[in-house]
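Chemist: Got a sequence here, can you build the structure:
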Amino acid sequence: MGARAQYVVVENGAWQRYYSHWAANRVVDDLLPGPVAATRCFRANREIDEWLDDVWCEGAALVDHDRRILLWFAFADSWADHIAARAVLARTWPGWDVRFAHDGMGDLTHHLGLGRDLTRAPDWFETFEPSGFAATEYTEPCSVASLRLPDGSVRAWGSDWEPIEHLAAGPGLIDLLVASPVTPALTDMPHGGVHFDPQARTVSLWSVQNAAGIHDWPLPGWENWVLDFRGDDHTQQAGLLPADFPFPQPPLTAALRRLGDGLNTPPPDNGAFLARATAAPGPDGTVPVVNPAALMPHEPTDPTPAELAALRTALDALIAGAVAG
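Modeler: This next block holds a predicted model:
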C-alpha cells in the first residue's frame, strides 16, 4: 500500500538516497519550485541505504548539483499534464539539463555509474508472441502504432498497449497490424507511439510514460533493426501519420492550471485511513499489520515566498502563452 517514491541528491561528489511512502504522485509538485526547494524537500524525508526496485518505485527524482542534471519520472494522467510539467521545469530549473527518466530506476542508477540492472530481477523484460493486435474501440487509446507499407504509404491504428509493449511483441506484430481493421480517429493525445518501417528495418518510439528497457537495444527479436528513440517528442510520428488520422493538439491551459492548483494542496493525511484498516478484523482471525513506513507522512516542498513567487510567475507566463496560442 502506498505510492512509493525514491529521491537521490548528488552534491560534492557524494550521493544520498531518500524515501517517501506516499509521494509518487507528488514528484512533479516537489520539483516545480526549483533545485534548492526540491533538495530541501528530499532531505526532509527519510534517508535510506537501499534502492527501490522497478516494481515498487512509482516515482523518483535524481538531483545532481555537481553536473546540474535532473532526472525524474512519475505517472502523468495525460500527454498535456506531462508536457505542462516539462514546460514549467524548463523555467524553474534554469541552466539545468532536465531529463525524463524513461528507463525508470535504470536511468538513475546508470547516471551514478551503477548500470541499469541494479534494481531489476534477471529476465525482467517479458516478451510475448502476439496472437492479436490490441486495437481499441475507444477514441482515447494509450498509444498509436503506425506502419509504412511496401507502396510507401502509412497506416495508423489506436492501441490499448503502451508503446514499449509493441516492441515486446516482436516483429511478428507487423503482420497483425496489416490485417487489423481501421480504428477511429483520435480525440485526445495518446501517451506515446511506435512507428515501423520494415523496408528500412527501423522502428521509432516516443512516450510520455516510462518505457523501461528502451536502452537495452536490440530487444529480443529486433536484431538487425535500428531503434530511433524519440523521448517524449511526438513530432516525427506526427509528420508520418495519414491526413485522416492526425494527432490532436490539446491546449496546455487546463494542465498548467492544475499544476498551480496543486501548489495549494497539502499531502493527504493517511492516518485515519490506516487506523480504520488496522481496526478491521482480518480473514480467519488474522491481525492486520501496517508497514511502519506508511505511518511517516510525506514532507512536501514548502517553498519559500521567493521560490513560490518565481513559480507563480512561470506558470502565469506559460498560461498566458497557451491562451494566446
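Chemist: Backbone dihedrals for the one residue sitting closest to the centre of the chain, please?
Modeler: Centroid-nearest residue in the chain: residue 209, 3.3 Å away (criterion: C-alpha atoms, centre = their mean). With angles defined as degrees, to the nearest 10, residue 209 sits at phi -120, psi 170.
Chemist: Pull up the gap between residue 130 and residue 158, please.
Modeler: Residue 130 is 16 Å from residue 158, where distance means C-beta to C-beta, to the nearest Å. Backbone N, C-alpha and C define where each C-beta goes, glycine included.
Chemist: Then residue 131?
Modeler: Residue 131 sits 19 Å away from residue 158, taking C-beta to C-beta as the criterion.
Chemist: For the closest residue to residue 170 other than its chain neighbours, give me its contacts.
Modeler: Nearest non-adjacent residue to residue 170, counting by C-beta to C-beta, 6 or more residues apart in numbering: residue 221, 3.5 Å away. Counting by C-beta atoms under 8 Å, 6 or more residues apart in numbering, residue 221 makes contact with 127, 170-172.
Chemist: Among those residues, list the two that are farthest apart in space.
Modeler: Farthest-apart pair in these is 127 and 171; separation 11.3 Å (C-beta to C-beta).
Chemist: ok, back up a step: residue 130 and residue 158 - which one has more neighbours?
Modeler: residue 158 (23 against 19; other C-beta atoms under 10 Å).
Chemist: That one in helix, strand or coil?
Modeler: strand (DSSP: H, G, I helix; E, B strand; the rest coil).
Chemist: Return the residues in contact with it.
Modeler: 135-136, 138-139, 141, 143-144, 183-184, 186, 190.
Chemist: so for stretch 105-112, what's the average pLDDT?
Modeler: Mean pLDDT, stretch 105-112: 97.
Chemist: All the strands of the stretch 151-300 of the chain, in order from the start?
Modeler: 154-159, 192-197, 202-207, 226-229 (DSSP state E, counting those that start in this stretch).
Chemist: Minimum distance to residue 78: which of these has it?
Modeler: Among the strands of the stretch 151-300 of the chain, the nearest to residue 78 by C-beta to C-beta is strand 192-197 (12.0 Å).
Chemist: Now that closest one - C-alpha only, CSV.
Modeler: Output of strand 192-197 as CSV, limited to C-alpha atoms (Å, rounded to 0.1, in the frame of the first residue of the first chain):
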residue,chain,number,x,y,z
GLY,A,192,3.0,7.6,-26.9
GLY,A,193,3.5,6.0,-30.2
VAL,A,194,5.6,3.5,-32.2
HIS,A,195,6.3,3.5,-36.0
PHE,A,196,7.5,0.5,-38.0
ASP,A,197,9.4,0.8,-41.3
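Chemist: So which bits of that strand are buried?
Modeler: The neighbour-count check on strand 192-197 (16 or more other C-beta atoms under 10 Å) flags 192-197 as buried.
Chemist: Okay, residue 318 and residue 257: tell me how far apart.
Modeler: According to C-beta to C-beta, residue 318 stands 10 Å off from residue 257.
Chemist: Likewise for residue 225?
Modeler: In terms of C-beta to C-beta, residue 225 sits 42 Å off from residue 257.
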